[in-house]
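Peer 1: Generate coordinates for the sequence data below:
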Amino acid sequence: MSKRQSNSTMQSEIFIVLMIVMVLLFIITSFYISKLKEHEQPPLIVLDEAHGYSFSSSSAILSREFTTQLEEEVINDIKEYSKQYKCDTVEIYGYTDGQPFTSNTIYNSQSFDRSIHRCLVEDSCDIDSIRTSSNLELGMKRAVSVVQFLQPILVNSYSPIKRILPYSGGALIDAKGKIAKIEDRVGDRYRRRIEIRLSRSHDLH
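Peer 2: Below is the predicted model:
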C-alpha cells in the first residue's frame with residue numbers, strides 16, 4: 001500500500017470514528033434534555049378575552065370561536081407539552097373580573113357543589129343552568145365547562161393524560177399572577193381568562 005493510500009485510509013477511519021462520536025454525543029444530549037424536561041414546569045397556556053377566548057356575561061357556555069380555537073391550537077399544545085414534559089394531569093383555572101354579584105338571592109350553597117359535581121361525573125349536564133352567587137363560583141363553572149369539552153378528546157387509553165381537574169381563582173388573581181384589587185376593573189380583557197397548567201400526579205405525593 002502506498003503512503004498516499006495509507007493516509008487516505010487513516011483519514012477515512014478518523015472520519016468514521018468522529019461521526020460515531022458525534023452520533024453518540026447527540027443521543028446522550030437528547031436523552032439528557034429529555035430527562036431534564038421531566039422535572040421542568042411546562043409553559044402556562046393562557047386563554048384570555050383579549051385573544052378571543054370569551055364568555056357572555058355571567059355565562060359558562062363556550063362560544064363557537066372559543067371551541068374552534070381550542071380545537072385548532074390549544075389541544076395540540078396540551079398534547080405536545082404532555083409528551084415533552086411527561087405530564088399526566090391537566091389543571092383548568094377559571095378567573096373573572098371584579099364585577100360584583102348584585103343578586104341578594106339566598107339559596108343553599110350545597111346545591112352548587114352537587115350540581116358542579118354532577119357535571120364532572122355524568123356525560124351530560126346543562127352547565128349554564130347552575131346558579132352562581134359569586135365570582136369564585138362563576139370561575140369554577142367556566143373551568144368545568146372547559147373540562148367537559150377537553151375530557152373526551154384528551155383522556156383516553158392512548159393518551160398520557162389521565163385526568164383534567166377544574167379550579168377557580170374567581171376575581172382574586174389578576175393577569176400578572178398577583179392578588180387583585182376586587183374593585184379594580186382595569187385590564188378586564190386579560191383578567192377574564194382560563195389558565196391551563198400541566199402537572200405530574202407523582203409530584204403531588
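Peer 1: Residue 67 and residue 146 touch, don't they?
Peer 2: No. Between residue 67 and residue 146 there is no contact, the gap being 9.7 Å when judged by C-beta atoms under 8 Å. For every residue, glycine as well, the C-beta is placed using N, CA and C.
Peer 1: got the residue ranges for the helices in this protein?
Peer 2: 3-37, 64-69, 75-84, 110-121, 135-154, 188-191 (DSSP state H).
Peer 1: Need those in TSV (columns: mean pLDDT, distance to residue 172 and mean neighbour count).
Peer 2: Below are the helices of the chain laid out as TSV (pLDDT from 0 to 100; distance: least, C-beta to C-beta, whole Å; neighbours: other C-beta atoms under 10 Å):
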stretch	mean pLDDT	distance to residue 172	mean neighbour count
helix 3-37	73	31	10
helix 64-69	95	23	13
helix 75-84	96	25	16
helix 110-121	89	18	14
helix 135-154	96	8	22
helix 188-191	89	10	18
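Peer 1: In TSV, list the ones you listed along with distance to residue 46.
Peer 2: Output for the helices of the chain, formatted as TSV (distance: least, C-beta to C-beta, whole Å):
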stretch	distance to residue 46
helix 3-37	21
helix 64-69	12
helix 75-84	11
helix 110-121	23
helix 135-154	13
helix 188-191	8
